[in-house]
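Novice: build the 3D model from these lines:
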Amino acid sequence: MFDPDLIVAWMAEHQSGNLSRLVKSVEWAASRDRKAARSWVAQLQRLGIADIDWQADRWKSRPCVLTSLPSNLKTTLLSGARPVIAEEYISRGAVVHREVSLDWQMPHPSTVWWHLSGSAERDELATSLGIRSEPCAADRLADTLAVLKLGATTAPPTGRVADWFNPDSLSFERIEVGAQPRNGLYKGHIDGNRTRYAIFNGHDWYRSDRWEGAYYVLSPNSHPLVWRSESRYRTSSSLGTLVVGRRMHLPAAHAEAAILCTGLPPRLTGQATEYDGVPFRVAEKIARSLRRKLETRDHACRT
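Specialist: Now for the predicted structure:
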């Protein structure tokens, strides 16, 4: 039976390694195909467990950090790659949430919280565990989210054809690049043999990644994010659910900021991906960075 916490503990011990081998190990341990294993590994960055670099084919585990949730400064989340399985922390007073998944799903690593009296007790616990303490990682990360812009210049895709991101279908379609390519996001063999993403703006080619590139080329008036309030009255600290259309996904750093608000992975519904417990101020910063409108909905409304 696949135990995601054992994978995380192994990564904490080894600290870094070859990404292709990690994917293959997860594929074998979970008895899933390569696509499912890659998707699971990609989630590790969004969960704050590891840095995943597909282009360099490397992974690097994140150090453990105790951080307060933005919604409740007395609830502390254990973020990063844990060196032991989650249940080991129960003896230290932790509350562990282990995801129950369907047979066809690969479960996410467990979430570990403590309910503490405040920052002094958080710092004391961090010292006893030999890890760092941080006031609120979600707010810190949200503050660093800059408005999307073009990356460094790069070579165009090799060959006569490449996959072009169609803003109408929100999917890639194979087209001939030609002497004058269409503006937009491309996927192809760029700067070597690995699959890369690049944006053509009518003049030059620029490095990108899958989801930052998609949001950059989409009209700012399209595909807004939705924040559904949990209460009748709204302040910057009010909690709600950040809703992302199902055919779009938040880039890794933006998703991590939303997940750090609770420590829980998003919920997949029939029409959307939903991040619970996100303060309005964090949702605003995520939307602003992605050049999206943030539509607000009453707590009684459903998307």
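
Novice: who touches residue 11 in this structure?
Specialist: The contact partners of residue 11, taken as CB atoms under 8 Å, 6 or more residues apart in numbering, are 17, 22, 44, 49, 50, 59, 61, 81. Quick note: C-beta positions are derived from backbone N, CA and C, even for glycine.

Novice: roughly how far is whichever helix or strand it is part of from the heart of the chain?
Specialist: In this assignment (DSSP states H and E), residue 11 forms part of helix 4-14. Its chain's C-alpha centre and that of helix 4-14 lie 19 Å apart, by CA atoms, centre = their mean, to the nearest Å.

Novice: go on, stretch 121-134?
Specialist: The answer for stretch 121-134 is 25 Å, by CA atoms, centre = their mean.

Novice: same thing with stretch 284-296?
Specialist: Using CA atoms, centre = their mean, the offset of stretch 284-296 from its chain centre is 16 Å.

Novice: what does it contact?
Specialist: Applying CB under 8 Å, 6+ apart, the set of residues contacting stretch 284-296 from outside is 142-143, 145-148, 215-216, 220-221, 223-229, 234, 236, 240, 242, 250-251, 254, 257-258, 280, 283.

Novice: likewise stretch 97-117?
Specialist: With CB under 8 Å, 6+ apart as the test, stretch 97-117 has contacts from 2, 4-5, 7-8, 30, 32, 36-37, 40, 43-44, 47, 49, 66, 74-78, 82, 85-87, 89, 92-96, 122, 125, 262-265.

Novice: got the contact list for residue 55?
Specialist: 194, 196.

Novice: how about stretch 63-73, which residues are buried there?
Specialist: For stretch 63-73, the neighbour count (16 or more other CB atoms under 10 Å) marks 64, 65, 66, 67, 68, 69, 70, 71 as buried.

Novice: and the helix holding residue 11, what's buried?
Specialist: Those would be 4, 5, 7, 8, 9, 10, 11, 12, for helix 4-14 by 16+ other CB under 10 Å.

Novice: do stretch 217-237 as well
Specialist: Buried, per 16+ other CB under 10 Å, within stretch 217-237: 217, 218, 223, 224, 225, 226, 227, 228, 229, 234.

Novice: residue 19 versus residue 60, what's the distance?
Specialist: 10 Å (CB to CB, to the nearest Å).

Novice: got any residues that touch both of the two?
Specialist: residue 53.

Novice: so between the two, which is more surrounded?
Specialist: Each of residue 60 and residue 19 has its neighbours counted (other CB atoms under 10 Å); residue 19 has more, 20 against 16.

Novice: tell me the helix or strand right after the helix holding residue 11.
Specialist: The first helix or strand that comes after helix 4-14 along the chain, using DSSP H and E, is strand 16-18.

Novice: in terms of secondary structure, what does that following strand contact?
Specialist: strand 58-61 (3 or more CB pairs under 8 Å, 6 or more residues apart in numbering; DSSP states H and E).

Novice: the strand it packs on packs against which elements?
Specialist: With contacts defined as 3+ CB pairs under 8 Å, 6+ apart, the packing partners of strand 58-61 are helix 4-14, strand 16-18, helix 19-30, strand 50-53.
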